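Q: What would the 3D arrangement of this be:
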Amino acid sequence: MELPAAVEPRLGLVSITPDPRITVITTAVLLSAVQLLKPLSPASTYLGAALLVMATFTFSSKDILNSELHCAAAGRPPVSYTIHTTTGFLGRKTTSLVLFAGSTSRYQGATAAIHWKKHTFEIGGVSRDWADLKQHAGGIFSRKRIWRWSGQSYTVKFHYPIWTATSNSAQRPTTTTFTLYNFHWFRASEPAYISFPPDISEEDTVFLILVLLYSERKRQDRQRSSSNGGVIAGAGAGGGGGGGGC
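A: Here you go, the predicted model:
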């Protein structure tokens, strides 16, 4: 086949004098190739994976009320909190959730707090009573609780060793999980961690951290109370599973 244009070798390349017929055909072929390769683009694949990744916050200490909480998921800016609890003569006073310097967040400084004596949560300077945020669900013996903040509600329940907080959304419910510390004798113990769905808001993330810290601490208090009561009464009550975190 004879080329309708001159072909010249130039620095190892082939230079073809433009021809309208070949230009039209070449353009069509290139456009088709681009469309076929576009879904396989590394940048597109990475972006899609980043949008779907769960945000997992890992506790640095077994003591969840005095710990650091780190999240460094692929495709997300790093976020870290420090959790510190003050105590007094009568027990816990305030558990503060404070954003680490360098973390990306619209909440800066004292991000949120559990005020144990006042029975309130505080987020971004707004304080609400637990009684206004929480209600029982499923009957008198049910361990489910419904928690509400800023128009969003979550059903929270416990099945050892995992807490779940499921959004009560009719369109697309999502679930946050809090997996407890798992101790091992002969290998490394597994730290506690909270996994959030990819599209949860920052405010709801902070709120659920407070709810889950509160719920687990209350469950442990009930477990200790049940155990101590059994020893005193001589009934051998044991630890049990605690209540529903209330």
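Q: Residue 97 belongs to a strand?
A: Yes - under DSSP: H, G, I helix; E, B strand; the rest coil, residue 97 falls within a strand.
Q: So it is in contact with residue 85, correct?
A: No - contact status for residue 97 versus residue 85: not in contact, 10.3 Å apart, counting by Cβ atoms under 8 Å. (C-beta placed from N, C-alpha, C; glycine too.)
Q: who's in contact with residue 192?
A: Contacts of residue 192 were listed using Cβ atoms under 8 Å, 6 or more residues apart in numbering, and they are 58, 59, 62, 64, 178, 179, 180, 181.
Q: out of these, which is most surrounded?
A: Neighbour counts for those were taken using other Cβ atoms under 10 Å; the highest belongs to residue 178, which has 26 neighbours.
Q: can you tell me the helix or strand for the spatially closest residue to that one that is not a sequence neighbour?
A: Residue nearest to residue 178 in three dimensions, not counting chain neighbours: residue 163, with 4.0 Å by Cβ to Cβ, 6 or more residues apart in numbering. Residue 163 belongs to strand 162-167 when assigned by DSSP states H and E.
Q: So for that strand, what gets flagged as buried?
A: When burial is assessed from 16 or more other Cβ atoms under 10 Å, strand 162-167 yields the following buried residues: 163, 164, 165, 166, 167.
Q: need the contact list for the last one.
A: Think residue 167. Applying Cβ under 8 Å, 6+ apart, the residues contacting residue 167 are 152, 153, 154, 173, 174, 175.
Q: how much space between the closest residue in space to the fourth one that isn't next to it in sequence and residue 82?
A: Right, residue 173. Distance criterion Cβ to Cβ, 6+ apart; nearest residue to residue 173, sequence neighbours excluded, is residue 167 at 5.1 Å. Using Cβ to Cβ, to the nearest Å, we find residue 167 at a distance of 27 Å from residue 82.
Q: Now do the buried residues in stretch 134-153.
A: Buried-residue list, stretch 134-153, by 16+ other Cβ under 10 Å: 134, 143, 144, 145, 147, 149, 152.
Q: any idea of the mean pLDDT in that stretch?
A: Mean pLDDT, stretch 134-153: 90.
Q: swap in stretch 163-170?
A: Confidence for stretch 163-170, expressed as mean pLDDT, is 93.
Q: try stretch 77-90
A: Model confidence over stretch 77-90, given as mean pLDDT, is 89.
Q: what's near enough to touch residue 64?
A: Shown in contact with residue 64 (Cβ under 8 Å, 6+ apart): 83, 181, 192, 213, 216, 217.
Q: Just to confirm, what's the three-state secondary structure of the first one?
A: In other words, residue 83. When states are read from three-state DSSP, the local structure at residue 83 comes out as strand.
Q: switch to numbering from 303
A: Noted, 303 is the first residue going forward, which turns the last one into residue 385.
Q: okay, now the domains of this structure?
A: Under the assignment named as automatic domain parsing, the residue ranges that make up the domains of the chain are 309-342, 351-530.
Q: Residue 369 - how many residues pack around it?
A: As a burial measure, the neighbour count of residue 369 was computed by other Cβ under 10 Å and equals 20.
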